[in-house]
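Sequence first, then the predicted structure:
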Amino acid sequence: MELFTNQVLAGIATGAIYACMALAVVMIYQAIDHLNFAQGEMAMFSTFLSWQMMQWGVPYWGAFVLTLILSFAGGILIERLLFKPLAKAPVLTNVAGFIALYGIINSFAGLIWDFTIKQYPTPFGSSPFLGSQLISTHQAGMIGVTVLLLILLFIFFQYTRIGLAMRAAAALPESARLVGINTSWMIALGWGMAAAIGSIAGMLIAPVVFLEPNMMLGVLIYGFAAAVLGGLTSPLGAVIGGFLVGVFENLAGTYIPGVGNELKLPIALALIITVLVFKPAGLFGRPIVKRV
Amino acid sequence: MSAVEDVVTEAPAVEAVPKRAMTLGLGTSLVVLAALVIAPIFVKNFIIFQMTMLLIYGLAVLALNILTGGSGQFSLGQSAFYAVGAYTSAILMEHANMNYALTLPIAGIVCFAFGYLFGKPALRLSGVYLALATFALATAMPQLLKLGFFEHWTGGVQGLVVTKPDAPFGLKMSQDMWLYYFTLVISIGIYIASINLLRSRSGRAFMAIRDNEIAASAMGVNVALYKTLAFGVSAGITGVAGGLGAIAVQFVAPDGYTILLAISLFLGMVVGGVGWLPGSLVGSAFIIFVPNIAEGISKGLSGAVFGVLLFLVIFLVPHGARQVAMVAQQLLGKMIKK
Amino acid sequence: MTAMLNVKDLRAYYGQVQALHGLSFALNEGSLTTLLGANGAGKTTTLRAICNMVRSTGAIEFEGKPLSGRSTENVVRLGIAHVPQGRGTFTTMTVEENLQLGAITRTDKKNIVDDIERMYAHFPVLKQRYTQQAGTLSGGEQQMLAVARALMLRPRLMLLDEPSFGLAPLIVRDLFKILGKINREDKVTILVVEQNAQLALELADQAYVIETGKIVMSGNAKEIANNEDIRKSYLGY
């Protein structure tokens, strides 16, 4: 029993990483109706920016805020330069664009900062949290930040006019224009916010997985999985999905014989797909009522 | 008035491509075919090998194109089918001493069954969910091939070495050249069969599902059957391509069939033009040669160069090679009229 | 009186196909005008061209301001509300959110709350369902929601595209009564496109008849309704 509790706790700790990334995924999905495959790389690049600033002597929180702002602007810039021209292109062309962006960012990060792993500081310290060996103060801090972020996003989308406008633009662009919403800028704003949230995820994840250009690859896949599991339309679902995936993965690794590190991912994905077969909108996604 | 056009065209998931626009005219087809037949006589063996791979990946892209362009379903898991095809051929050749040519139909059938069965649960998924499911399949495949349980047949992490066949009937032809022509004949066969499939009753059913699933089912199309069938056919063709690939490369190993292969095939389809079957060859050329070109331009930044080239292609021709072909056709038509 | 909306020589295109062939008409402030015509005559295209949703040439002026070159959202921000064909309901959002979206460009927050109450007074059924997902409403209810959403903009001009489409005759009568009331009491100029000519002529004070992308007839709605020749040859009743 103790093994079980420990594994669940450890799963929640890793789950926080996925939850954080899943939030960024949901954010961009709300804005553009796509999964951005380059999202992890954008987060990684942001994290490197903050690392560089700290190397130059900027204190942690200063670098944190600056990175947030830069990432927001960067997200908007990428959308305006690269993806606005593709707005009328077929969806699959856009997906190809995400893959191209992935290659470009990954390659540049490697050129600027090379591929050796780097230590990344945490503002929460890394001592055991409340005397537990399984969760460190950093991981507890990460869970705290994720939950805070979730609450802020919820308020933003449910109770602010711009949040409502963003949802409308994503759901039905033509109708949104007919009530006077500039849908093109809503998309850009979505990119900016997703990039900013991604940068928070990156900066929180980096102390755990260490900083290097490929650090987000695995995390993004789990983040996607978490977001899809929780329901792509629900930030709350994404966070819960993140924790569930973390726990799933740990329990599968412990209790199913023959599942090494390598098969953890496929098993986690298979479980998610099983869930999706029964709940196609995800666990917490709003089922869409359609009249035909 | 550019703001105006923004409004009118909401890009659909997969554009409707009329049946006739899915293929090339007879004249153009013959020119392309002639080029494919003659070219190997003038080039070195290594280039012949690359041309063989061009055809093989072309087949795999074609298979994805039937699935996506034909029936509107999306797959990031084609590498898994390719791997199953490759291993089927390799195991039959090395463990059962079967003739290489005979292993291909078996690879096709095994993959058809695999794809058909995978298509069953995937029926309930669409869009990103289907993408995630197929993605899971693609990531799981190399791990499954490494499992100790299968190691006796698969050779585990080490993989299997496959013997390259000689030209039969005492033909004076290098192994590479023979394999090229062998692949070419199979490719043409599959290409023609695919066109006929899409022009048949089943093809019409695929396209009806792609364009409007609800309307299709209202017209009496058995949506579940045809969707799984599309998965099966696509997997089957990919399997044959995988088998040919194993023979051409003379080697199968789990790490040759990662998600990167699936992503490449997807890019090939987009660059070639979704739903335009001849574009598969163009797309295949893109995924084989452009990474080399990128590497040639800058070793350290090859990923970035590849990304930039890909962006250039999709900016200039968002609808892929199909768009180029259509423009060329219009120009030609005008010139002839004059 | 100068015209509120002035359309001159409007030509619109879908790709290579020309849908409007030099259409001209004008709307007076405070009027309720109907644009009649058969299927495919170009009625919807005319409305879409006013909001710059199709490629078009010609001059459209609203209160003296030219509309060409403006994006759809900027046309709307001038005070032109457009209830599109198919209603454009945000089906995944609640009824109340749909109404708030109608007022998304307004900055007078206090009045928005009052306006939502006013809409509930016009359309009591919406009040009963204000937390419900809009996609679950019936066709008639969705049409009312669409009209209410458009009114939330506090438009000076409202364009309606076949509001009667797919609705039961009784519901259409209700809806048209409310439109007349909105026109009189709230001083909203209305242009309604209709296939149901008989009802539309009862409601409107001015009418235009459009055929294959051209205006072929215009005049007082009562006169057109009473002219048997026009009714037979263009309106088919």
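In hand now; what should we look at? Numbers count the residues shown, from 1 in each chain, chains lettered A, B, ... in the order given.

where do the helices sit along the stretch 101-250 of chain A?
Counting by DSSP state H, counting those that start in this stretch, the stretch 101-250 of chain A has these helices, from start to end: A:137-159, A:161-171, A:173-178, A:183-209, A:216-230, A:235-255.

out of these, which comes closest to C:Q198?
Nearest of the helices of the stretch 101-250 of chain A to C:Q198, taken as Cβ to Cβ: helix A:173-178 at 28.2 Å. Every residue, glycine included, has its C-beta placed from N, CA and C.

Please name the residues that touch the closest residue to A:Y102 other than its chain neighbours.
Leaving out its chain neighbours, the residue that sits closest to A:Y102 by Cβ to Cβ, 6 or more residues apart in numbering or on different chains is A:A38, at 4.3 Å. By Cβ atoms under 8 Å, 6 or more residues apart in numbering or on different chains, the contact list for A:A38 reads A:F98, A:I99, A:L101, A:Y102, A:I105.

returning to that earlier point: I'd like the helices of the stretch 101-250 of chain A written out as JSON lines, with mean pLDDT and mean neighbour count added.
Supplementary listing: the helices of the stretch 101-250 of chain A in JSON lines, determined by pLDDT from 0 to 100; neighbours: other Cβ atoms under 10 Å in any protein chain shown:
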{"stretch": "helix A:137-159", "mean pLDDT": "87", "mean neighbour count": "17"}
{"stretch": "helix A:161-171", "mean pLDDT": "89", "mean neighbour count": "20"}
{"stretch": "helix A:173-178", "mean pLDDT": "90", "mean neighbour count": "24"}
{"stretch": "helix A:183-209", "mean pLDDT": "90", "mean neighbour count": "25"}
{"stretch": "helix A:216-230", "mean pLDDT": "84", "mean neighbour count": "27"}
{"stretch": "helix A:235-255", "mean pLDDT": "86", "mean neighbour count": "23"}
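
Just the element for B:G85, please.
In the assignment (DSSP states H and E), B:G85 maps to helix B:78-95.

on that earlier part again, so which of the helices of the stretch 101-250 of chain A is nearest B:V327?
When the helices of the stretch 101-250 of chain A are compared by Cβ to Cβ, helix A:183-209 sits nearest B:V327, at 27.5 Å.

is any part of the closest one close to chain B?
Yes - taking Cβ under 8 Å from any Cβ of the partner chain as the criterion, helix A:183-209 and chain B are in contact, through A:S184.

For that helix, enumerate the helices and strands it packs against.
Secondary structure elements in contact with helix A:183-209, counted by 3 or more Cβ pairs under 8 Å, 6 or more residues apart in numbering or on different chains; DSSP states H and E, are helix A:2-32, helix A:39-55, helix A:60-78, helix A:137-159, helix A:161-171, helix A:173-178, helix A:216-230.

now do 6 Å
The contact analysis (3 or more Cβ pairs under 6 Å, 6 or more residues apart in numbering or on different chains; DSSP states H and E) places helix A:183-209 against helix A:2-32, helix A:39-55, helix A:60-78, helix A:161-171, helix A:173-178.

For the stretch 101-250 of chain B, which residues score under the pLDDT cut-off?
Applying pLDDT under 70 to the stretch 101-250 of chain B picks out residues B:148-149, B:167, B:170.

residue ranges for the helices of it, please.
For the stretch 101-250 of chain B, the helices defined by DSSP H, counting those that start in this stretch occupy B:128-146, B:151-154, B:175-199, B:201-211, B:213-218, B:223-249.

With mean neighbour count and distance to chain C as extra columns, can I get those in a markdown table?
Listed next are the helices of the stretch 101-250 of chain B as a markdown table, based on neighbours: other Cβ atoms under 10 Å in any protein chain shown; distance: least, Cβ to the nearest Cβ, whole Å:
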| stretch | mean neighbour count | distance to chain C |
| --- | --- | --- |
| helix B:128-146 | 23 | 17 |
| helix B:151-154 | 14 | 47 |
| helix B:175-199 | 18 | 25 |
| helix B:201-211 | 20 | 18 |
| helix B:213-218 | 14 | 16 |
| helix B:223-249 | 26 | 23 |
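
Is it possible to get these out as CSV so that each row also shows distance to chain A?
Listed next are the helices of the stretch 101-250 of chain B as CSV, based on distance: least, Cβ to the nearest Cβ, whole Å:
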stretch, distance to chain A
helix B:128-146, 3
helix B:151-154, 13
helix B:175-199, 18
helix B:201-211, 13
helix B:213-218, 6
helix B:223-249, 14
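
Compare the helices and strands packed on helix A:183-209 and give me the one nearest chain C.
With respect to chain C, and counting by Cβ to the nearest Cβ, the nearest of the helices and strands packed on helix A:183-209 is helix A:173-178 at 3.6 Å.

which secondary structure elements does that closest one contact?
Packing partners of helix A:173-178 (3+ Cβ pairs under 6 Å, 6+ apart): helix A:183-209.

And for C:R129, nearest residue in space, chain neighbours not counted?
C:V95 (5.3 Å).

mind listing what the one you found touches?
C:L126, C:R129, C:Y130, C:Q132, C:A134 (Cβ atoms under 6 Å, 6 or more residues apart in numbering or on different chains).

again, 8 Å this time
Applying Cβ under 8 Å, 6+ apart as the definition, the contact partners of C:V95 turn out to be C:L126, C:R129, C:Y130, C:T131, C:Q132, C:A134, C:L137, C:L145.

Let me see the backbone angles for the most centrally placed residue in chain C.
The residue lying closest to the centre of chain C (Cα atoms, centre = their mean) is C:L160, at 1.7 Å. For C:L160, the backbone dihedrals are phi -120, psi 130 (criterion: degrees, to the nearest 10).

who's it bridged to?
Beta-bridge pairing of C:L160, defined through DSSP bridges, involves C:V83, C:V192.

ok, it touching C:I190?
Yes - counting by Cβ atoms under 8 Å, C:L160 does reach C:I190; the two are 6.8 Å apart.

Overlap in contacts, the two.
With contacts taken as Cβ under 8 Å, 6+ apart, the residues that reach both C:L160 and C:I190 are C:L179.

follow-up on the earlier one: check the helices and strands packed on helix A:183-209 for me: which has the lowest mean pLDDT.
Note on the helices and strands packed on helix A:183-209: lowest mean pLDDT is at helix A:2-32, with a mean of 83.

buried stuff in that one?
Residues A:7-32 are the ones in helix A:2-32 that count as buried (16 or more other Cβ atoms under 10 Å in any protein chain shown).

tell me how far that helix is from the chain's mean position?
Its chain's average C-alpha position is 9 Å from that of helix A:2-32, according to Cα atoms, centre = their mean, to the nearest Å.

is chain C contacted by that helix?
No - applying Cβ under 8 Å from any Cβ, one finds helix A:2-32 separated from chain C by no less than 11.4 Å.

how much does that helix deviate in direction from helix A:39-55?
Orientation note: helix A:2-32 sits at an angle of 100 degrees relative to helix A:39-55 (axes from the mean of the first three to the mean of the last three Cα atoms, to 10 degrees).

helices or strands next to helix A:2-32 in the packing?
helix A:39-55, strand A:132-136, helix A:137-159, helix A:161-171, helix A:183-209, helix A:216-230, helix A:235-255.

Where in chain C is the helix or strand with the lowest mean pLDDT?
When the helices and strands of chain C are scored by mean pLDDT, DSSP states H and E, helix C:228-230 comes last with a mean of 77.

In chain C, which residue sits closest to chain B?
Of all residues in chain C, C:S71 sits closest to chain B, with a separation of 4.0 Å (Cβ to the nearest Cβ).

and that residue, what are its phi and psi?
With angles defined as degrees, to the nearest 10, C:S71 sits at phi -70, psi 160.

now swap in the one 3 residues further on and tell me
Dihedral pair for C:N74: phi -70, psi -30, per degrees, to the nearest 10.
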